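>>> below is the sequence, then the predicted model.
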Amino acid sequence: MIKWVYGAIGALAFAGLLTFLGSGAFTRFEHKTFLCSNTLIGPFELIMNKAKVGSDVILSQPNGNSRLRITSVIDKVIIAEADTLRFEVDIENSLVSVQQMLNLSTSKCETTNFSM
């Protein structure tokens, strides 16, 4: 009977450890890219590290790179802005909406994730 109790406690501790490690608590570096083609601004790539308000996102286009500031993070949606451009990135569905002045266009993007 004691062996079963110790086995159950060990299994619960192991499951808790796996959950803790899988939650990203020990993630030192996270890099996400969104490769998109948009009717409004053409082909572009958004490159972001940990998504938090105040961090920068790199917008890479054929004519050069620029930085966008993350202004809001709501659930799995990140909003980044610079000058007349506003990007809403839906991480879960790989959708990026681009707003330039009053024009709005949404693209389905290819994503890559790297973390360690």
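Ah, there it is.

>>> and for the residue nearest the centre of the chain, nearest residue in space, chain neighbours not counted?
With distances taken as Cα atoms, centre = their mean, residue 91 lies nearest the centre of the chain, 5.2 Å away. For residue 91, ignoring the flanking residues on the chain, the nearest one in space by Cβ to Cβ, 6 or more residues apart in numbering is residue 76 at 4.7 Å. Quick note: C-beta positions are derived from backbone N, CA and C, even for glycine.

>>> again, but for residue 62
residue 43 is the one closest to residue 62 (Cβ to Cβ, 6+ apart), at 6.7 Å.

>>> what pairs with residue 113 across the strands?
Per DSSP bridges, the residues bridged to residue 113 are residue 32.

>>> next: residue 85.
residue 82, residue 100.

>>> surely it meets residue 96?
No. Residue 85 is beyond contact range of residue 96, at 11.4 Å (criterion: Cβ atoms under 8 Å).

>>> between these two, which is the more surrounded one?
Set residue 85 next to residue 96 and count neighbours by other Cβ atoms under 10 Å: residue 96 wins out with 24 against 17.

>>> these two touch, right, that one and residue 109?
Yes. The pair residue 96 / residue 109 is scored as a contact, 5.3 Å apart, by Cβ under 8 Å.

>>> can you list residues touching both of those two?
Counting by Cβ atoms under 8 Å, 6 or more residues apart in numbering, the residues touching both residue 96 and residue 109 are 34, 36, 46.

>>> of those, which is the most crowded?
Of the shared contacts of residue 96 and residue 109, with other Cβ under 10 Å as the count, residue 36 tops at 24 neighbours.

>>> tell me who's in contact with the nearest residue to it once chain neighbours are set aside.
Counting by Cβ to Cβ, 6+ apart, residue 36 lies nearest to residue 109, which is 4.0 Å off, once chain neighbours are set aside. Residue 109 sits next to 34, 35, 36, 46, 94, 95, 96 when contact means Cβ under 8 Å, 6+ apart.

>>> for beta bridges, what are the partners of the last one?
Just to be clear, that refers to residue 96. residue 89, residue 107.
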